[in-house]
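# A structural model of the following input is requested.
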Amino acid sequence: MRRPNPVVLGLGVVGWLGLAWIGWTMFTASPRTAGFDLELVLQAGRDVAAGQSPYDASMVGGAAPGSTDLFYSYPPPVAQFFSLFAGVPSGVMLAALWILSVAGLAAAAVLVARRFGPDRPAASVALPVVAVAPLFLPYSVALLFGNLDSLFPFAYGLVLVAAVSVAPLHDSSQRARVVGGASLALATVVKVAPGVLSGWFLGRLGRERGSEEGRGAAIVLGSALAVGLAVLGLSLVAGGAQLWRDYIPVAAAASRAQLLDPRNVGPAAQIALAVGGDEALVRALQIPIAIGAVAASLAAGALLRDRLLGMTVAAVASLVILPITWYHYPSALMPFAVAAIARSAGNPAASRVVVLVATATAVASLSIAWVPGVWVAVALLVAAVAAVGRADAAVSGAAAAADADSTRVPA
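Below is the predicted model of the structure:
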């Protein structure tokens, strides 16, 4: 539709007003129950601004926390960046995070829609996406908690656009690749797990070595490496090596956190809970899962011809690489749902794709009551992406056959 659906826009207004009211109620409650994830980061920034370590002394000493304990374990550059806002009130910072997140989601939707549905006004995709966003509970929860994952729809969207920028190397495609590489690096600095996405580009580089697409993958990887090294250099210049010396034992201690928790959506934890296993079983299962996630990302780039499907597989792999996966993590997959719908416009599979994406959205939101259902939603999204890819391939094959018939010389 070229005009926004008034029903969808009405739902959006109600949804955003409702979410804002819930956020305000939680933030003004005593004790405060909104923005606690952001508060950890803000406090770390205030510690750095005061010349102190942002890390808990007991964790620096090697003590392992519980999986649901609130502790700061991000790499030093995150705390160093937030030290620039040490004097800004927490409420203002939470509001700023919401604004940046929604703006980033809208921008990612526009960029993805333009890439996958160039004949369709991008606003006809972006407006409904922003409207229904508060009804997608993983994203709403990320906003209410003030988690930095609420910015990942934007980051993953930029990486997706970089992956499918296969036009001749003119300014726009090269810029998309550089920006996508920078986004990949910054997301990896924040959460580590998005680094799994680089496996897709490595696999593509091996598959398309010497071709334009191979050079494009190299540009993304090179940009990511350059930005990552720049962030590391700035961190060391600004704070010296002491923060990194504190971070290493904290990261090791965090890896020993309790994993067996019903709220941990990670496959290893959920499998262990289902079979009555213990903490040792979770850790034993996580090893092949992590290896499989890396292998899946590499294979998706090297073996899958459809770039959107391959990147979707890599993005899903990035959600399971770490032993703890929270309910709000799948919000990073929102750009892939946008891509599937935008790509399906005029496609024989359009109605099926819309139904699959809508069902995935509903199942993910309902999964707040039964968290393993998140993986059902993820599977439905992958099915939607695969369906539109198969339909595109069938249409392309039919068009190629028709062209061949039209050029055949009669006997």
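# In space, what's closest to the residue most central in space within the chain - neighbours in sequence excluded?
Centre of the chain computed as the mean C-alpha position; nearest residue by CA atoms, centre = their mean is Ala332, 2.7 Å away. By the measure of CB to CB, 6 or more residues apart in numbering, the closest residue to Ala332 outside its immediate chain neighbours is Phe152, 3.9 Å from it. In short, each C-beta sits where N, CA and C put it, glycine included.
# which secondary structure elements does the helix or strand that neighbour falls within contact?
For Phe152, the enclosing helix or strand under DSSP states H and E is helix 152-163. Packing contacts for helix 152-163, counted by 3 or more CB pairs under 8 Å, 6 or more residues apart in numbering; DSSP states H and E, involve helix 90-116, helix 171-191, helix 198-207, helix 212-239, helix 307-320, helix 334-343.
# go with 6 Å
In terms of contacts (3 or more CB pairs under 6 Å, 6 or more residues apart in numbering; DSSP states H and E), helix 152-163 is packed against helix 90-116, helix 171-191, helix 307-320, helix 334-343.
# residues near Arg245, how many?
Neighbour count of Arg245, defined by other CB atoms under 10 Å: 12.
# now it: how far from Met311?
36 Å (CB to CB, to the nearest Å).
# One more: Ala63?
Remark: distance between Ala63 and Met311 (CB to CB) = 39 Å.
# Pick out whichever of those two has more residues nearby.
The residue with more neighbours, out of Ala63 and Met311 and counting by other CB under 10 Å, is Met311; that gives 29 against 13.
# what about the protein, any weak spots by pLDDT?
The model of the chain has pLDDT under 70 over residues 1-4, 66-69, 166-172, 393-411.
# Kindly check the end-to-end length of stretch 256-272 for me.
17 Å (CA to CA, to the nearest Å).
# Over to stretch 273-282?
Across stretch 273-282, first to last residue, CA to CA, it's 9 Å.
# One more: stretch 128-147?
23 Å.
# Please enumerate residues in contact with that stretch?
With contact meaning CB atoms under 6 Å, 6 or more residues apart in numbering, stretch 128-147 is reached by 8-9, 12, 15-16, 19, 23, 34-35, 37-38, 94, 97-98, 106, 109, 149-150, 327-328, 330-331, 338, 361, 364-365, 368.
# Now do that stretch: distance to the chain's middle.
The chain centre lies 13 Å from the centre of stretch 128-147; the measure is CA atoms, centre = their mean, to the nearest Å.
# Over to stretch 356-373?
The chain centre lies 17 Å from the centre of stretch 356-373; the measure is CA atoms, centre = their mean.
# now do stretch 173-183
Centroid separation for stretch 173-183 versus its chain: 16 Å, with CA atoms, centre = their mean.
# And for stretch 127-143?
With CA atoms, centre = their mean, you get 14 Å for stretch 127-143.
# Then stretch 21-34?
Distance, centroid of stretch 21-34 to centroid of chain: 26 Å (CA atoms, centre = their mean).
# coming back round to it: give me the contact list for the helix holding Phe152.
The contact list for helix 152-163, computed with CB under 6 Å, 6+ apart, reads 104-105, 108, 111-112, 115, 176-177, 179-180, 183-184, 187, 197, 220, 307, 311, 332, 334-335.
# hmm, 8 Å instead?
Contacts to helix 152-163, defined as CB atoms under 8 Å, 6 or more residues apart in numbering, come from residues 101, 104-105, 107-109, 111-112, 115, 139, 176-177, 179-181, 183-184, 186-187, 191, 194, 197, 200-201, 204, 216, 220, 307-308, 310-311, 315, 331-336, 338-339.
# Restricted to buried residues, select these in ChimeraX.
A single ChimeraX command selects the buried members of the contacts of helix 152-163 (16 or more other CB atoms under 10 Å):
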select :101,104,105,108,109,111,112,115,139,176,177,179,180,181,183,184,186,187,191,194,197,200,201,204,216,220,307,308,310,311,315,331,332,333,334,335,336,338,339
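# Now Asn392. Nearest residue, chain neighbours left out?
That one is not Asn; residue 392 is Asp. Asn347 (6.5 Å).
# Next, work out how far apart the one you found and Ala108 are.
Taken as CB to CB, the span from Asn347 to Ala108 is 21 Å.
# Which residue comes closest to Ala364 once chain neighbours are left out?
Ala377 (3.7 Å).
# mind checking which helix or strand that neighbour is in?
Ala377 belongs to helix 373-406 when elements are defined using DSSP H and E.
# Gly206 and Ser173, how far apart?
21 Å.
# Of those two, which one has the most company?
A side-by-side neighbour count of Gly206 and Ser173, using other CB under 10 Å, places Ser173 first with 19 against 13.
# residues touching Met311, list them.
Each residue near Met311 by CB under 8 Å, 6+ apart is listed here: 159-160, 163-164, 197, 200, 300, 336.
# hmm, try it at 7 Å
Shown in contact with Met311 (CB atoms under 7 Å, 6 or more residues apart in numbering): 160, 163, 200.
# could those go into TSV alongside distance to Arg263?
Formatted as TSV, the contacts of Met311 follow (distance: CB to CB, whole Å):
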residue	distance to Arg263
Leu160	28
Ala163	32
Trp200	29
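# Of these, which is the nearest to Phe82?
Distance from Phe82 was checked for each of the contacts of Met311 by CB to CB. The minimum falls on Leu160, at 27.0 Å.
# Pull the number of nearby residues for the closest one.
Leu160 is flanked by 28 other residues according to other CB under 10 Å.
# Please report the distance of it from Val357.
Note on Leu160: its distance to Val357, by CB to CB, is 15 Å.
# Surely Asp47 and Asp56 touch.
No: between Asp47 and Asp56 there is no contact under CB atoms under 7 Å: 10.4 Å.
# Residues contacting the helix or strand hosting Glu39, please?
Per DSSP H and E, Glu39 falls inside helix 36-49. For helix 36-49, contacts defined as CB under 7 Å, 6+ apart pick out 53-54, 70, 72, 74, 78-80, 82-83, 85-86, 90, 93-94, 97, 145-148, 239.
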